[in-house]
Structures are given as structure tokens and as C-alpha cells.
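> structure of the sequence below:
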Amino acid sequence: MLMAHPTVLKNLIEQYETLLLHAEEGSAEARRRMEGVTYTLCVSTGTRDIGTALATARRQLSGTASKAGSGSGFALTR
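Residues are numbered from 1 along each chain as shown. So this is what the prediction gives:
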């Protein structure tokens, strides 16, 4: 499985958390952006729901923090 670059995951998590804070607005644009970020997080982590996607992204980030600079940012796993 390809793994998203840590910078991409961090950015997606930050976008999701920011959108979540402003979810009360409920505008159509805010909903579309939230759906897009949610979809992208799920695809980037190989998951199907946002809770699992966030947990997986955070786990991947915590695992890459100690390995910073050791590779291209993409890894094949089985």
C-alpha cells in the first residue's frame, strides 16, 4: 500500500480540524470542503470513515516523526 507523504497527511488533518471548528456555519461551500477533505483523508489512508482515517493518519505521522528524512515519503507495505 502506498503511504501519503507526512506533510500531506499533516495538512489534511489541519484542514479537517479547522473546518470542523467552523462547521456551525453550515454553508454549502463549507460542507463541500469538509466532504472533500474527508474523502481525501480516507483515500490517503486507505480507510472508509473519518474516525479511522484520522487515527491512521496520526499513527503514520507518529511513526514517521522518528524517521524524518529517511526516504521519499512513499513506502510500499504488505
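> assign residue 4 to helix, strand or coil.
Remark: residue 4 carries the secondary structure label coil [criterion: DSSP: H, G, I helix; E, B strand; the rest coil].
> which non-adjacent residue is nearest it?
residue 44 (4.1 Å; C-beta to C-beta, 6 or more residues apart in numbering). Any C-beta I mention is one placed from the backbone N, CA and C, and that applies to glycine too.
> give the other helices and strands that the host helix or strand of that neighbour contacts.
Secondary structure from DSSP states H and E places residue 44 in helix 28-45. Using 3 or more C-beta pairs under 8 Å, 6 or more residues apart in numbering; DSSP states H and E, the elements in contact with helix 28-45 are helix 6-21, helix 50-65.
> buried ones in the first one?
Within helix 6-21, the residues scored as buried using 16 or more other C-beta atoms under 10 Å are 6, 9, 12, 13, 15, 16, 19.
> if I look at the first one, how far off is residue 60?
When you say that, I think you mean residue 6. Taking C-beta to C-beta, to the nearest Å as the measure, residue 6 falls 7 Å from residue 60.
> done for today, thanks.
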